[in-house]
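In: sequence isn't available, so here's the structure alone:
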């Protein structure tokens, strides 16, 4: 099973109609597979953050000098498109 870098964002809806009808609102999480990373990179990232995800705020802590060139490019590209409320998760799929 390969290690994947997955972009995760949370979308919440606050609608007047849901409140008026006493219905729960339709919040959900959207996942987008960014690409495959090496097991070594997955281990380094999880070890650096002590968790299986990172955000834009965590970018200075990424050990870029220790990553393979392909993984480095993939992570940099993913960070460029990342919004403040989104995460990059490291998942085994």
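Out: Nice, thanks for sending it over. It should be emphasised that the depicted structure is a prediction, and the values quoted were computed from it without experimental measurement. Numbering: from 1, shown residues only.
In: after the lowest-mean-pLDDT helix or strand in the chain comes which helix or strand?
Out: Within the chain, confidence by mean pLDDT, DSSP states H and E is lowest for helix 16-20 among all helices and strands, at a mean of 61. Once helix 16-20 ends, the next helix or strand along the chain (criterion: DSSP states H and E) is strand 28-37.
In: partner strands of that following strand, parallel or antiparallel?
Out: Each strand paired with strand 28-37, and its direction, by DSSP bridges: strand 3-11 (antiparallel).
In: so which bits of the strand it pairs with are buried?
Out: By 16 or more other Cβ atoms under 10 Å, the buried positions in strand 3-11 come out as 3, 4, 5, 6, 7. For glycine as for every other residue, the C-beta is placed from the backbone atoms N, C-alpha and C.
In: any buried residues in stretch 86-93, and which?
Out: Neighbour-count burial for stretch 86-93 [16+ other Cβ under 10 Å]: 86, 87, 88, 90, 91.
In: show me which of these is closest to residue 35.
Out: Using Cβ to Cβ, residue 88 is the member of these that lies nearest residue 35, at 10.6 Å.
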